[in-house]
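J.: pasting the sequence and the predicted model now:
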Amino acid sequence: MESDKKLFSGSRKYRNNEITVYWKPDACVHASFCYRELIEVFDPGRRPWVDLNGASTERIIEVVNMCPTEALTWKWNDEEKNKDISVDQTNHVIFRRPELLVPEVQTELENPVSVKIMLDGPIVIKGDFTLQYSGNRKEMKDGIISLCRCGASSHLPFCDGTHRKIGFEDK
């Protein structure tokens with residue numbers, strides 16, 4: 001069995017109470033069926049760009065099945081329902097990505113963490129994460145924070161822009 005990291009590398013998953021939809025960006029050819037047919041669910045201008053609460057499960061499945069590649073696939077959250085899938089459900093994972101039928105242990109977050117070190121500025125962290133500092137704990141869901149690198153902020157560990165005032169530069 002492949003490791004979860006390899007299995008879900010580069011993929012995203014989105015869930016509602018009935019199904020999970022997987023998006024594999026590397027396989028996407030931007031045919032645009034998804035957002036042209038169902039912008040309420042698939043909106044490339046929104047983050048996260050998939051909201052499975054925007055339409056009925058039946059309609060979501062119908063649109064995911066229009067995807068011409070394996071970029072969008074789906075499966076039932078009730079594993080029993082995944083055992084009897086008809087061939088007209090073209091983008092069910094059983095046909096496109098059967099490796100996704102293995103029990104999930106830990107998969108990639110919907111909003112993976114990204115870290116960017118700004119030139120002559122703070123460290124910017126985006127996504128779903130928990131920041132622990134000085135005995136405090138801050139849960140971030142689709143959040144963004146800036147952490148001070150110059151050490152002069154009056155709100156450590158957070159950046160307050162002091163780096164510009166003191167002329168902080170990367171070395």
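T.: Ah, there it is.

J.: show me where this structure has its strands.
T.: For the chain, the strands defined by DSSP state E occupy 12-15, 19-23, 72-76, 114-117, 123-133, 136-147.

J.: using PDB, write out every CA atom in the second one.
T.: When you say that, I think you mean strand 19-23. Extracted in PDB, the C-alpha atoms of strand 19-23 (Å, rounded to 0.1, in the frame of the first residue of the first chain):
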ATOM      1  CA  ILE A  19     -19.500  12.200  -0.700                       C
ATOM      2  CA  THR A  20     -15.900  13.200  -1.000                       C
ATOM      3  CA  VAL A  21     -14.700  14.900  -4.200                       C
ATOM      4  CA  TYR A  22     -11.000  14.700  -5.000                       C
ATOM      5  CA  TRP A  23      -9.200  17.300  -7.200                       C
END
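
J.: now it: how far from the chain's centre is it?
T.: What separates the centre of strand 19-23 from the centre of its chain is 11 Å, taken as CA atoms, centre = their mean, to the nearest Å.

J.: and if you look at the last one?
T.: Strand 136-147 has its average C-alpha position 16 Å from the chain's average C-alpha position, going by CA atoms, centre = their mean.

J.: and the fifth one, by the same measure?
T.: With CA atoms, centre = their mean as the basis, strand 123-133 stands 15 Å off its chain's centre.

J.: neighbouring contacts of it?
T.: Contacts to strand 123-133, defined as CB atoms under 8 Å, 6 or more residues apart in numbering, come from residues 109-118, 137-147, 149, 157. All C-beta atoms are positioned from the backbone trio N, CA, C, and that covers glycine.

J.: the helix ranked longest in the chain packs against which elements?
T.: Assignment by DSSP state H gives helix 57-64 as the longest helix of the chain. Applying 3 or more CB pairs under 8 Å, 6 or more residues apart in numbering; DSSP states H and E, we find helix 57-64 packed against strand 19-23, helix 33-37, strand 72-76.

J.: so for the second one, mean pLDDT?
T.: Spelled out, that is helix 33-37. The average pLDDT within helix 33-37 is 93.
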